[in-house]
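# let's see this in three dimensions:
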Amino acid sequence: MKYLLSLLIISLIVSCKSERLKPPIDYSFKDEDIPVQESWNSEVTFSDSGKIKAILFAGHIQVFPQRNETLINDGVKVDFYDEEQTKTTTLTSKRGRVDDLTTDLYAIDSVVVFSDSVTIYTELIKWKNEERKIVSDKFVTIISPTEKIQGYGFESDQSLKNYTIYRITYITRRDSVQ
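So this is what the prediction gives:
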């Protein structure tokens, strides 16, 4: 019994003196992969000379200044305003990205843009901040009180009053649209 107890104590001492293992370090991780700022359920106002251009509502915002971009997830909603500070158009999507150099917004996935008389459906739209235009090179569907138009490539003012589809694939009078 004494020998067994001595053997147990010696084995404990030997095992306690063994070198500690260091965890492996992942050197592939880069600083630009970490946002410097994050916010949830946010509201961001875009303005010029004290006049509101747009208000962005977002579920989750991540700011990456090293990449000059801001990522928006968990729902995007943007209300656009005219020179008289009247809301003209609303844009919604599942996610988006803001180019921090130009403040252009890219709305991505299930994009819907609507005004009081026009609704646009597509998968990707870019809002050009400087020009106050909405553009897309993807497939779009535009529904107005008088017609339904589908095609590829689209450009409009942000109030959706003057729009163009570049390659129309389908057009019909609205009174026959179900």
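
# so what's the residue positioned nearest the centre of the chain up against?
For the chain, the residue sitting closest to the mean C-alpha position, by C-alpha atoms, centre = their mean, is G96 at 1.4 Å. Contact analysis of G96 by C-beta atoms under 8 Å, 6 or more residues apart in numbering lists A58, L71, I72, V76, L105, Y106, A107, I108. C-betas here are computed from N, CA, C, even on glycine.

# for it, give the beta-bridge partners.
I72, A107 (DSSP bridges).

# that older thread, can I get the contacts of G96 in TSV with pLDDT?
Output for these, formatted as TSV (pLDDT from 0 to 100):
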residue	pLDDT
A58	96
L71	96
I72	96
V76	96
L105	93
Y106	97
A107	97
I108	97
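
# SS state for P145?
Judged by DSSP: H, G, I helix; E, B strand; the rest coil, the three-state class of P145 is coil.

# next one: the one 3 residues further on
Going by three-state DSSP, the secondary structure assigned to K148 is strand.

# look up the residues forming beta bridges with it.
Going by DSSP bridges, K148 forms beta bridges with I143, T172.

# count of neighbours near it?
K148: 17 surrounding residues under other C-beta atoms under 10 Å.

# what strand or helix carries T122?
Per DSSP states H and E, T122 falls inside strand 119-128.

# so T122 sits against V135, correct?
No: judged on C-beta atoms under 8 Å, T122 makes no contact with V135 at a distance of 10.5 Å.

# list the residues that contact both of those two?
Joint contacts of T122 and V135 (C-beta under 8 Å, 6+ apart) are F154.

# so for those two, which sits in the more crowded spot?
Between T122 and V135, counted using other C-beta under 10 Å, the more crowded position is T122 (21 against 16).
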